[in-house]
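1. Sequence plus predicted model, see below.
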Amino acid sequence: MKVRKAIIPAAGLGTRMLPNTKSIPKEMLPLVDKPVIQYIVEEAVSAGIEEILIITNRGKSSMEDYFDYAPDLEKALLRDGKTRECETIRAAADMADVFYLRQKETKGLGHAVWRAKSFVGNEPFAVLLGDDIMLSETPVLRQLVDAAEKYGCSAIAAREVDDAHIVKYSSLQISPLEDRIYRIHDMNEKPTLSEKLSNYAILGRYVLTPEIFSILESTPPGRNNEIQLTDGMRELCHQQSMVAVDFEGKRYDTGNLCGYLEATIDFALRNAEVGPWLREFMREKLAD
């Protein structure tokens, strides 16, 4: 079971980050020295992904431009002796084969994934949500791919959360297989506390088998009158094996201001160029 392809759904309107996202895709907001979307593409590539399909929407063409060559800019940089900068922007375009498809109607995550059917074909594939940044020693998607290949089935990123958060995510009914890996028996989308199956939630990374497409094709709208990926995966886990990986690493929801600021500070502190300066700046500010 080799996972070569990945989908990055990035068609959302970014309403939690307005007014920033009125004219700038939330996936293109800067996270220290590069846009959010680049971290996600880099994670996919580091997990062995060769081809990436980004699901976009109107007003998001800047993502297409970002992962393309920029001959005029590169020429100007080389003319000015800025070789390192030129290599940096060229590397972003050369990371992987990146394709684009518009979700012409905002009909939910399940619909966005279903739209990628012809791109994926009859093979397993990954899904990385465009809001979620993962910081980990072993890429989170790599952890999922390893589990999917070991058990020959779909693998979902999961983490135990408190009651205040489980109602915002998808709840899992699971049983242990080995350290940090669980068999999934059932799931539900944004449950009430009385509906939750456990406090283990699905968080932003998936490896799915292609059978999900025929299921999503006939999945009716669910929560918010949208076609929910969780509803499709629920049917899939009833038809075939599926595992949850309690991944090692930290997740940031950059689709809201607090998560975005937390990620910005953490990644800046880890940055060799600005980290020492920021640490001293924060000490001075906290001392005031």
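-> On my side now, so go ahead. Numbering: from 1, shown residues only.
2. Where in this protein is the helix or strand with the lowest mean pLDDT?
-> Using mean pLDDT, DSSP states H and E, helix 61-66 stands out as the lowest-scoring helix or strand of the chain, at a mean of 89.
3. okay, and for the stretch 1-150 of the chain, where does confidence drop off?
-> Within the stretch 1-150 of the chain, no stretch has pLDDT under 70.
4. now do 90
-> Along the stretch 1-150 of the chain, the model assigns pLDDT under 90 to residues 1-2, 10-25, 57-64, 92, 95-96, 102-108, 130-131.
5. In it, what residue spans correspond to helices?
-> 36-46, 61-66, 71-79, 83-94, 109-114, 117-120, 140-151 (DSSP state H, counting those that start in this stretch).
6. Quick one, which of those helices gets closest to residue 267.
-> helix 36-46 (8.3 Å; C-beta to C-beta). C-beta: built from backbone N, CA, C; applies to glycine.
7. Please work out the angle formed by the directions of the closest one and helix 83-94.
-> With axes from the mean of the first three to the mean of the last three C-alpha atoms, to 10 degrees applied, the angle from helix 36-46 to helix 83-94 works out at 70 degrees.
8. residues making contact with helix 36-46?
-> 6, 8, 10, 25-31, 52, 54, 63, 66-67, 92, 95-96, 98, 126, 128, 130-134, 139-142, 254 (C-beta atoms under 8 Å, 6 or more residues apart in numbering).
9. just the buried members of those?
-> 6, 8, 10, 25-29, 31, 52, 54, 63, 66-67, 92, 95-96, 98, 126, 128, 130-134, 139-142, 254 (16 or more other C-beta atoms under 10 Å).
10. Am I right that residue 155 is in a strand?
-> Yes. Assessed with DSSP: H, G, I helix; E, B strand; the rest coil, residue 155 lies in a strand.
11. and it, bridged to which residues?
-> Beta bridges link residue 155 to residue 207, residue 243 when assigned by DSSP bridges.
12. what sits against it?
-> Here residue 155 is in contact with 144-145, 147-148, 206-207, 242-245 (criterion: C-beta under 8 Å, 6+ apart).
13. What are the boundaries of the strands in this protein?
-> 5-9, 30-31, 34-35, 51-56, 97-102, 125-128, 132-135, 154-160, 170-178, 181-189, 200-208, 242-246, 250-253 (DSSP state E).
14. To residue 270, which of those lies closest?
-> Closest approach to residue 270 among the strands of the chain (C-beta to C-beta): strand 132-135, 8.1 Å.
15. Please list the residues outside the closest one that contact it.
-> Contacts of strand 132-135 (C-beta under 8 Å, 6+ apart): 31, 36, 39-40, 43, 140-141, 203-205, 247, 249-254, 263, 266-267.
16. CA atoms of it as PDB?
-> Provided in PDB are the C-alpha atoms of strand 132-135 (Å, rounded to 0.1, in the frame of the first residue of the first chain):
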ATOM      1  CA  ASP A 132      -3.800  22.700  10.400                       C
ATOM      2  CA  ILE A 133       0.000  23.000  10.900                       C
ATOM      3  CA  MET A 134       1.800  20.200  12.600                       C
ATOM      4  CA  LEU A 135       5.100  20.500  14.400                       C
END
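17. picking up where we left off before, please identify which of the strands of the chain is closest to residue 285.
-> Closest among the strands of the chain, using C-beta to C-beta: strand 30-31, at 20.8 Å.
18. mind checking how far that closest one is from the chain centre?
-> Per C-alpha atoms, centre = their mean, to the nearest Å, the displacement of strand 30-31 from the mean C-alpha position of its chain is 15 Å.
19. Which elements pack onto it?
-> helix 257-270 (3 or more C-beta pairs under 8 Å, 6 or more residues apart in numbering; DSSP states H and E).
20. So for the helix it packs on, mean pLDDT?
-> Mean pLDDT, helix 257-270: 95.
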